[in-house]
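In: coordinates only, sequence not included:
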């Protein structure tokens with residue numbers, strides 16, 4: 001079976017992890033800081049905070065921005081549920097912005113309409129969590145203008161998009177947002193097995209997230225309520241969590257980070273090969289922006305407008321041919337938990353249309369031309 005994605009682990013990666021296993025620290029040592037510095041440097045960001053998952057990083061990002069009881073957070077319905085769950089963890093309520101069918105990302109036009117209506121209803125969100133679907137940046141300049149106009153905090157869920165660029169800026173530079181989140185899950189661009197990271201240019205937000213990932217504890221004297229008792233001393237000054245990344249994870253992530261540019265270039269080459277093959281066919285790849293460079297975590301195509309049963313038949317046929325086609329994602333508002341919160345089918349029709357047409361095809365650096373040709377030929381034959 002050709003998977004839709006997989007990690008690329010080298011002997012160098014393994015050796016870096018072995019070195020940590022043989023060292024004095026397998027958690028809370030120096031390698032986490034080195035990994036943070038490497039990602040901050042690559043993104044042109046001032047601060048990076050490593051966590052045990054991107055979900056944890058999203059949670060503490062919301063908390064650092066003051067999201068809490070009575071607040072509203074908006075995000076995309078086309079994402080994994082973590083993008084919205086993180087706001088619920090804070091006691092906030094969640095709403096969604098419908099997407100642009102061509103990119104799969106939040107539609108700036110839909111966002112403009114929704115913000116104008118929310119202002120009239122006094123229901124403006126505290127924060128918006130953008131999702132860079134498949135590694136393609138949202139239209140950040142337009143969205144930043146809107147959030148600035150309405151004084152709304154902005155988080156980029158760039159779990160798919162490390163190594164991507166927008167208008168020449170690396171995703172994660174936070175030129176258009178307060179905080180950016182990355183994921184290092186095994187099928188992402190680079191991996192630390194499990195793990196995530198928040199990056200920001202705001203020192204206050206960085207310090208807040210550093211405390212929250214480690215039980216709300218500080219050993220910084222300027223954050224304490226009294227003079228330090230000695231070099232061992234710390235204070236818990238707020239309620240936090242154990243969201244720390246281990247040295248083992250950081251060692252793998254640090255080694256992988258040195259190959260980030262190569263991985264993203266390989267993914268773009270594979271995507272370009274697919275694009276050419278599907279040109280003039282009934283299959284429509286998600287449209288890249290002219291002012292952006294995608295990380296291509298996923299290669300997503302839209303089928304012609306078929307009924308649900310035929311969408312399923314195409315995916316099952318590909319799997320029968322040992323091609324693990326998949327769907328990213330089931331619209332969050334259609335999940336039973338969210339329907340119990342009051343959402344209904346039909347609330348975000350473009351997201352629902354996308355779900356009924358989208359297929360993720362295999363895309364990872366080790367994918368061969370022979371395998372790609374087989375995937376392309378099989379899909380075109382199935383569609384016929």
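Out: Now that the structure is in, tell me what you want to look at. These numbers come from a predicted model, not from an experiment.
In: spatially nearest residue to residue 81 (excluding sequence neighbours)?
Out: residue 332 (5.6 Å; Cβ to Cβ, 6 or more residues apart in numbering). Placement of C-beta: from N, CA and C, glycine included.
In: please report how far that neighbour lies from residue 84.
Out: Look at residue 332 and residue 84: by Cβ to Cβ, to the nearest Å, they are 5 Å apart.
In: so between these two, which is more surrounded?
Out: residue 84 (28 against 24; other Cβ atoms under 10 Å).
In: name the helix or strand for the more buried one, please.
Out: helix 82-89 (DSSP states H and E).
In: buried sites along the following helix or strand past that helix?
Out: Sequence-wise, the next helix or strand downstream of helix 82-89 (DSSP H and E) is strand 93-96. Neighbour-count burial for strand 93-96 flags 94, 95, 96 (criterion: 16 or more other Cβ atoms under 10 Å).
In: partners of the second one in the sheet?
Out: On the basis of DSSP bridges, residue 95 takes part in beta bridges with residue 74.
In: and it, what does it touch?
Out: 72, 73, 74, 125 (Cβ atoms under 8 Å, 6 or more residues apart in numbering).
In: could you do the first one as well?
Out: With contacts taken as Cβ under 8 Å, 6+ apart, residue 94 has the following neighbours: 72, 73, 74, 75, 84, 87, 88, 338, 341.
In: save the residues you listed as JSON lines, and put in pLDDT and distance to residue 35 too.
Out: Formatted as JSON lines, the contacts of residue 94 follow (pLDDT from 0 to 100; distance: Cβ to Cβ, whole Å):
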{"residue": "72", "pLDDT": "98", "distance to residue 35": "34"}
{"residue": "73", "pLDDT": "98", "distance to residue 35": "28"}
{"residue": "74", "pLDDT": "99", "distance to residue 35": "31"}
{"residue": "75", "pLDDT": "98", "distance to residue 35": "27"}
{"residue": "84", "pLDDT": "98", "distance to residue 35": "27"}
{"residue": "87", "pLDDT": "98", "distance to residue 35": "27"}
{"residue": "88", "pLDDT": "98", "distance to residue 35": "29"}
{"residue": "338", "pLDDT": "98", "distance to residue 35": "34"}
{"residue": "341", "pLDDT": "98", "distance to residue 35": "36"}
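In: any of these buried? List them.
Out: The neighbour-count test (16+ other Cβ under 10 Å) marks 72, 73, 74, 75, 84, 87, 88, 338 as buried among the contacts of residue 94.
In: and the helices in the chain?
Out: 11-21, 30-43, 54-64, 82-89, 108-121, 140-150, 203-212, 247-257, 260-278, 308-320, 336-340, 349-357, 369-383 (DSSP state H).
In: any buried residues in the second one, and which?
Out: This means helix 30-43. Across helix 30-43, burial judged by 16+ other Cβ under 10 Å covers 31, 32, 34, 35, 36, 38, 39, 40, 42, 43.
In: gap between it and the chain center?
Out: 18 Å (Cα atoms, centre = their mean, to the nearest Å).
In: got a list of contacts for that helix?
Out: By Cβ under 8 Å, 6+ apart, helix 30-43 touches 20, 25, 45-50, 162-163, 170-174, 180, 182, 192, 197, 199, 244-247, 250-251, 253-254, 257-258, 260.
In: and if you look at the third one?
Out: Judged by Cβ under 8 Å, 6+ apart, the contacts made with helix 54-64 from elsewhere in the structure are 49, 51, 73, 82-83, 85-87, 89-90, 92, 127, 129, 155, 157, 159, 179, 181-185, 195-198, 205, 208-209, 212-213, 240-241, 243.
In: okay, now the unreliable bits of the protein?
Out: Along the chain, segments meeting pLDDT under 70 span 306.
In: domains of it?
Out: Residue ranges for the domains of the chain, per automatic domain parsing: 11-257, 260-383.
In: from start to finish, how long is the longest one in a straight line?
Out: Chord length of domain 11-257, first to last residue, is 15 Å (Cα to Cα, to the nearest Å).
In: now find how far off-centre it is within its chain.
Out: 9 Å.
In: count the neighbours of the residue nearest to residue 285 when sequence neighbours are not counted for me.
Out: With sequence-adjacent residues excluded and distances taken as Cβ to Cβ, 6+ apart, residue 285 is closest to residue 301, at 5.1 Å. Using other Cβ under 10 Å, residue 301 has 19 other residues around it.
In: likewise residue 321?
Out: The burial count for residue 321: 17, using other Cβ under 10 Å.
In: so what's the spatially most central residue of the chain closest to, chain neighbours aside?
Out: Geometric centre of the chain, nearest residue: residue 159, 2.0 Å, by Cα atoms, centre = their mean. Closest residue to residue 159 apart from its sequence neighbours, by Cβ to Cβ, 6+ apart: residue 183 at 3.5 Å.
In: just residue 242 next, same as before
Out: Using Cβ to Cβ, 6+ apart, the closest residue to residue 242 is residue 215 (6.4 Å).
In: that neighbour: what's it in contact with?
Out: Taking Cβ under 8 Å, 6+ apart, one finds 236, 240, 241, 242 in contact with residue 215.
In: which strand residues bridge the last one?
Out: Note on residue 242: beta-bridge partners by DSSP bridges are residue 214.
In: for it, give me its contacts.
Out: 52, 213, 214, 215.
In: same thing with the first one?
Out: Applying Cβ under 8 Å, 6+ apart to residue 236 gives the contacts 215, 216, 217.
In: okay, those residues in a markdown table with distance to residue 297 next?
Out: Compiled in a markdown table, these are given as follows (distance: Cβ to Cβ, whole Å):
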| residue | distance to residue 297 |
| --- | --- |
| 215 | 32 |
| 216 | 33 |
| 217 | 34 |
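In: what's the most distant pair in the contacts of residue 95?
Out: Farthest-apart pair in the contacts of residue 95 is 72 and 74; separation 6.9 Å (Cβ to Cβ).
In: what touches both of these two?
Out: Residues touching both residue 72 and residue 74 (Cβ under 8 Å, 6+ apart): 94, 95, 125.
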